[in-house]
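*Asks:* sequence and predicted structure are below.
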Amino acid sequence: MRSFLSLPGRSTKPREEGLTHVLDKGLGLRQVEDMLATASSYIDIVKFGWGTGYLTQNIEAKIEAYREAGIATCFGGTLLELAIIQGRFDEYRRLLRRLNMTHVELSTGIIELTIEERQKYVRALARDFVVFSEVGSKDAQHIIPPYRWVEQVEADLAAGSWRVICEARESGTVGIYHSNGEVKAGLIEEIVARVDVSRLLFEAPQKAQQAWLVQKFGPNVNLGNIPSSDVIALETVRVGLRADTMADLFDVASWNARRADPAATPLTGANAHRRSR
């Protein structure tokens, strides 16, 4: 592995933080194999988006390919939402067991559940699976006040969620983002003021969103809904190998200032780092 550059510290698999959660919208098995050959070290979990996993013909082979690469898989929360409203919760759990899936996502992006009802489902799922619960609506017109976000996140964690996902959809235009993709900075700051950021996973499908979160929380922030084609690109954002975060993660301003003094010693090694949370 190339190692002559000094880069910010990154967590290694199996990760507790710095998670990269990738969206698989129906990749073919060969596409999966190509992605894993290039980027498996940087992927922690793959979600079969919304209900795509239910219709994918070779889902067993895909799950096994990811498993062999040390990557967990789960279905999108929309599939569980439909199972709940059709009274098929037990059948859904049996499907996960049959496929040897270890992770599950619970969301209420479309259906409405009280906090107590959500906690009931989280507790039931947590007995057998690692639970990702998702907070936030998929409807851009449904505005949830910050205190309700915090209340829901705290309740989910108390019930047994491993990580709580902050909603953005595949588009990155709802939930913790405005309709133009801009980060709702105030909302995120209110959430992390009450909840340990390592227990959160921020959906961030757009590059600008990824860069903002890395600049705010460092390279080991948990990021989700990453397009399958952007895994390596995201890792460059995390470690400052892209212009969007290079100046923030390395002391570029000091280096530029020192150039005015020909006798100055160039910044090298750890001295070139600004931070590596």
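*Replies:* Sure, I can see it.
*Asks:* from Gly51, how far off is Gly26?
*Replies:* 11 Å (Cβ to Cβ, to the nearest Å). Backbone N, C-alpha and C define where each C-beta goes, glycine included.
*Asks:* who's more crowded, those two?
*Replies:* Neighbours were counted for Gly26 and for Gly51 using other Cβ atoms under 10 Å; Gly51 has more, 16 against 13.
*Asks:* pretty sure the more buried one is touching Gly76, no?
*Replies:* Yes: with contact defined as Cβ atoms under 8 Å, Gly51 reaches Gly76; the gap is 6.5 Å.
*Asks:* ok, residues contacting the longest helix seen in the chain?
*Replies:* For the chain, the longest helix by residue count, based on DSSP state H, is helix 146-159. With Cβ atoms under 8 Å, 6 or more residues apart in numbering as the test, helix 146-159 has contacts from 115, 118-119, 122-123, 126, 133, 135-136, 164, 166, 186-187, 190-191, 194-195, 199-200.
*Asks:* in strands, which of those fall?
*Replies:* Under the assignment DSSP state E, these contribute Ser133, Val135, Val164, Cys166, Leu200 to strands.
*Asks:* so who does the first one touch?
*Replies:* By that I understand Ser133. Glu105, Leu106, Ser107, Arg118, Val122, Asp156, Ser161, Val164, Ile165.
*Asks:* the helix or strand hosting the first one pairs with which strands, and in what direction?
*Replies:* Under the criterion DSSP states H and E, the helix or strand holding Glu105 is strand 103-106. If you go by DSSP bridges, strand 103-106 pairs up with strand 130-135 (parallel).
*Asks:* just to revisit the earlier point, can you flag the buried ones in the ones in strands among the contacts of helix 146-159?
*Replies:* Ser133, Val135, Val164, Cys166, Leu200 (16 or more other Cβ atoms under 10 Å).
*Asks:* pipe these into TSV and attach distance to Asp251 per row.
*Replies:* Compiled in TSV, those are given as follows (distance: Cβ to Cβ, whole Å):
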residue	distance to Asp251
Ser133	39
Val135	36
Val164	34
Cys166	30
Leu200	28
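*Asks:* ok, those vs Gly224, which is closest?
*Replies:* Lowest distance from Gly224 to those (Cβ to Cβ) belongs to Cys166, with 8.4 Å.
*Asks:* so what's that closest one bridging to?
*Replies:* Val135, Phe202.
*Asks:* ok now do it, which residues does it touch?
*Replies:* For Cys166, the contact set (Cβ under 8 Å, 6+ apart) comprises Glu134, Val135, Gly136, Trp149, Gly175, Ile176, Ile188, Ile191, Leu200, Leu201, Phe202, Glu203.
*Asks:* most neighbours out of these, which is it?
*Replies:* Phe202 (28 neighbours).
*Asks:* ok, that one touching Val221?
*Replies:* Yes: counting by Cβ under 8 Å, Val221 is a contact partner of Phe202 at 6.8 Å.
*Asks:* list the residues that contact both of the two?
*Replies:* Contacts common to Phe202 and Val221, judged by Cβ under 8 Å, 6+ apart, are Leu213.
*Asks:* once you drop chain neighbours, what's closest to the residue nearest the centre of the chain?
*Replies:* Centroid-nearest residue in the chain: Gly224, 2.1 Å away (criterion: Cα atoms, centre = their mean). Excluding its sequence neighbours, the residue lying closest to Gly224 (Cβ to Cβ, 6 or more residues apart in numbering) is His21, at 3.5 Å.
*Asks:* what do you get for Ile176?
*Replies:* Ile176's closest residue in space is Cys166 (Cβ to Cβ, 6+ apart), at 4.8 Å.
*Asks:* before we move on, what about Leu223?
*Replies:* Ala204 (4.8 Å).
*Asks:* so what's the residue count around the spatially closest residue to Ala126 that is not a sequence neighbour?
*Replies:* Spatial nearest neighbour of Ala126, excluding adjacent residues (Cβ to Cβ, 6+ apart): Gly160 at 3.3 Å. Neighbourhood size, Gly160 [other Cβ under 10 Å]: 17.
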